[in-house]
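Peer 1: Any chance you can model this:
(chains A and B)
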Amino acid sequence: MHSRTKISLLLVAVLLLAATSALASQCVNCHTDVEKLKAIAKTIIKPVGSAETAGKG
Amino acid sequence: MAPLELHEKVLVSPDFLQTTHGEIACTECHGGNDVAADMNQAHSGIRADPTFPDATATCGQCHEEEARLAKTSLHYTLATYKPMVHQRADQAANQIKMLNQGMDNHCYGCHASCGECHVSRPNSAKGGFISGHNFNKTPDQTNQCTACHGSRVGNEFTGTTGSGDAHYTKHDMDCMACHSTRDLHGDGKSDHRDRYDVEGLSSCQDCHELDDKIEQHAIHGEKLSCYVCHAQPYANCYGCHVGLDDKGLAFYKNPDEEELFRIGRNPAPSPKRPEEWILVRRVPSVQTSFEFYGKDLLSNFDQLNNWKYASPHNIQRKTTQNRECNNCHGNEELFLTEDKVKPEMRKANKGVIVSKGMIPEKQEDAEPKKKTKKKSSYF
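Peer 2: Alright, predicted model coming up:
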């Protein structure tokens, strides 16, 4: 493969990797933000267990 | 155990990100879509617990042996449940199918994956990170072990019911002080009959020698399991029924519970458990436990005993039964005699029932312990 082509492909790969890494941190940006999570939690219906459960499990 | 708020359950601690596990991209284990701005799209295809039902692709990338053992670990698979329950079942295919549905709804939610022991509360205890997604090598007694093993073992161990276990109350030992990694990760075998079958299971003798210098040890030797002398009365539940309520939510009802102490005969002495006398606990299930799912599903309920080998976690050095010989000898009340077993279950429990003639005789020449005189106050 032509060396210029190789360098171009390598550059694209590096850019893609950088972009992916930056976007992946969106998980972290949300999940480390207490206020953001609290705001989301307010919109979620809390799951409940059956009211009929009785006795030791 | 205080409930976690919804946001706390998924709140990742910044210090987790500095750890080896934290340096791995979230999506590599959890899946999902890390380029989507919208939460629902970001969570599309997500695996909240990527360590269940198979940890090979996640934990197994680095912890190959642990992930391999997890596949046969009883905490992971609950593999002894179905064989045991099926022995009590009507064997017709449609009956087994209905029974399995019931077991899937009520029994199999209680497994423990890698994540549920090392990262979060178990799902059956409503889940949630216990330390910001940090991976703890040693499971947490309150948030993990007794989150599932709470109502009998946990309460007895901590003294929520009864006087507690001296290992905890006097020596500050938690579950993992005795229960080795092997107990939890398993032995790699998949033919266990019950939870006591795990090879190399921790035992009292790991730390305590059966010392003949102690008179009662010399006399009783291996005739008694340690629990017979050192445990206290323990919870015996009865009459458990399961079903789905009108909202489709699973429930269980365990109406009867008694604190009992019952010495039974060892029905199957083995090199691991050679004792002649053991403690037995009544299992909560009854013939109609799954009747919500179908009639007569457990029509062969009496094929197995329902008083089973017990290892109550409420050990004390001095107990009522070891205080004096005749607190046990000749004391019919402590033994699982036939009158204490329902008539329809006497045949099934034949191996553990103690006939009155078998009860060790009262010791006529046993000297009662001298009562020490209380010192009188000068005031």
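
Peer 1: Next, find the distance separating residue B:203 from residue B:73.
Peer 2: Plainly put, residue B:203 is 19 Å away from residue B:73 if you go by CB to CB, to the nearest Å. (C-beta placed from N, C-alpha, C; glycine too.)

Peer 1: quick one, which of the two is more surrounded?
Peer 2: For residue B:203 versus residue B:73, the count of surrounding residues by other CB atoms under 10 Å in any protein chain shown is larger for residue B:73: 26 against 14.

Peer 1: who touches residue B:281 in this structure?
Peer 2: Each residue near residue B:281 by CB atoms under 8 Å, 6 or more residues apart in numbering or on different chains is listed here: B:234, B:235, B:236, B:262, B:307, B:308, B:310, B:312.

Peer 1: So which of those residues is the closest to chain A?
Peer 2: Nearest to chain A, judged by CB to the nearest CB, of those is residue B:235 at 6.7 Å.

Peer 1: so what's the residue of the stretch 251-379 of chain B found nearest chain A bridging to?
Peer 2: Closest contact between the stretch 251-379 of chain B and chain A, by CB to the nearest CB, is at residue B:254 (3.1 Å). With beta bridges defined as DSSP bridges, residue B:254 has these partners: residue A:55.

Peer 1: Where does pLDDT dip in the chain?
Peer 2: Picking chain A for this. Applying pLDDT under 70 to chain A flags the ranges A:1, A:11-24.

Peer 1: right idea, wrong chain: chain B
Peer 2: For chain B, the stretches with pLDDT under 70 are B:365-379.

Peer 1: for residue B:360, phi and psi?
Peer 2: Phi and psi for residue B:360, reported as degrees, to the nearest 10, are phi -50, psi 140.

Peer 1: residue contacts, it?
Peer 2: Taking CB under 8 Å, 6+ apart, one finds B:328, B:329, B:330 in contact with residue B:360.

Peer 1: So among those, which ones count as buried?
Peer 2: With burial judged by 16 or more other CB atoms under 10 Å in any protein chain shown, the buried subset of the contacts of residue B:360 is B:328, B:329.

Peer 1: Just the contacts of residue B:360: which are in strands?
Peer 2: In strands, defined here by DSSP state E, there are no members of the contacts of residue B:360.

Peer 1: and the residue nearest to residue B:268 when sequence neighbours are not counted, what does it touch?
Peer 2: Of all residues not flanking residue B:268 in the chain, residue B:351 sits nearest, at 7.4 Å (CB to CB, 6 or more residues apart in numbering or on different chains). Residues near residue B:351 by CB under 8 Å, 6+ apart: B:265, B:267, B:268, B:305.

Peer 1: one more time with 10 Å
Peer 2: By CB atoms under 10 Å, 6 or more residues apart in numbering or on different chains, the contact list for residue B:351 reads B:264, B:265, B:266, B:267, B:268, B:305, B:307.

Peer 1: how near is the second one to residue B:89?
Peer 2: It stands for residue B:265. According to CB to CB, residue B:265 and residue B:89 sit 26 Å apart.

Peer 1: The fourth one now?
Peer 2: From residue B:267 across to residue B:89, the span is 21 Å (CB to CB).

Peer 1: So for the two, which residue has more residues nearby?
Peer 2: residue B:89 (21 against 16).

Peer 1: residues contacting the more buried one?
Peer 2: B:82, B:95-96, B:98-100, B:290, B:296-301, B:303.

Peer 1: Residue B:140: neighbour count?
Peer 2: By other CB under 10 Å, the residues close to residue B:140 number 18.

Peer 1: Looks like it contacts residue B:129 (just checking).
Peer 2: No. Assessed by CB atoms under 10 Å, residue B:140 is found out of contact with residue B:129, at 11.3 Å.

Peer 1: if I look at these two, which residues touch both of them?
Peer 2: What both residue B:140 and residue B:129 touch, as defined by CB under 10 Å, 6+ apart, is the set residue B:121.

Peer 1: tell me, how many neighbours does residue 8 end up with?
Peer 2: Picking chain A for this. 11.

Peer 1: my bad, the chain I had in mind was chain B
Peer 2: 16.

Peer 1: Next, the contact list for the residue lying closest to it once chain neighbours are set aside, please.
Peer 2: Distance criterion CB to CB, 6+ apart; nearest residue to residue B:8, sequence neighbours excluded, is residue B:128 at 6.3 Å. Taking CB under 10 Å, 6+ apart as the criterion, residue B:128 is in contact with B:3-11, B:119-122, B:143.

Peer 1: what's the next secondary structure element after the helix or strand hosting residue B:167?
Peer 2: If you go by DSSP states H and E, residue B:167 is part of helix B:166-169. Using DSSP H and E, the helix or strand that follows helix B:166-169 in sequence is helix B:175-178.

Peer 1: Name the next helix or strand downstream of that following helix, please.
Peer 2: With DSSP H and E, the next secondary element past helix B:175-178 is helix B:181-185.

Peer 1: coming back round to it: considering the contacts of residue B:89, which possesses the most neighbours?
Peer 2: residue B:290 (29 neighbours).

Peer 1: Which element, helix or strand, includes that one?
Peer 2: When elements are assigned from DSSP H and E, residue B:290 belongs to no helix and no strand.

Peer 1: what's the answer for residue B:252, then?
Peer 2: Here residue B:252 is assigned to strand B:250-254, by DSSP H and E.

Peer 1: got the buried residues for that strand?
Peer 2: Per 16+ other CB under 10 Å, strand B:250-254 contains these buried residues: B:250, B:251, B:252, B:254.

Peer 1: As TSV, these with distance to residue B:240 would be great.
Peer 2: As requested, the buried residues of strand B:250-254 are arranged in TSV below (distance: CB to CB, whole Å):
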residue	distance to residue B:240
B:250	13
B:251	11
B:252	6
B:254	5
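
Peer 1: Among these, which one sits closest to residue B:217?
Peer 2: When the buried residues of strand B:250-254 are compared for distance to residue B:217 (CB to CB), residue B:254 wins out at 37.0 Å.

Peer 1: what comes up buried for stretch B:210-224?
Peer 2: Buried residues in stretch B:210-224, counting neighbours by 16+ other CB under 10 Å, are found at B:217, B:220, B:224.

Peer 1: ugh, wrong one, stretch B:158-171
Peer 2: Buried-residue list, stretch B:158-171, by 16+ other CB under 10 Å: B:158, B:161, B:162, B:164, B:165, B:166, B:167, B:168, B:169.

Peer 1: The residues you listed: which ones sit near chain A?
Peer 2: When CB under 10 Å from any CB of the partner chain is applied, the members of the buried residues of stretch B:158-171 adjacent to chain A are residue B:161.
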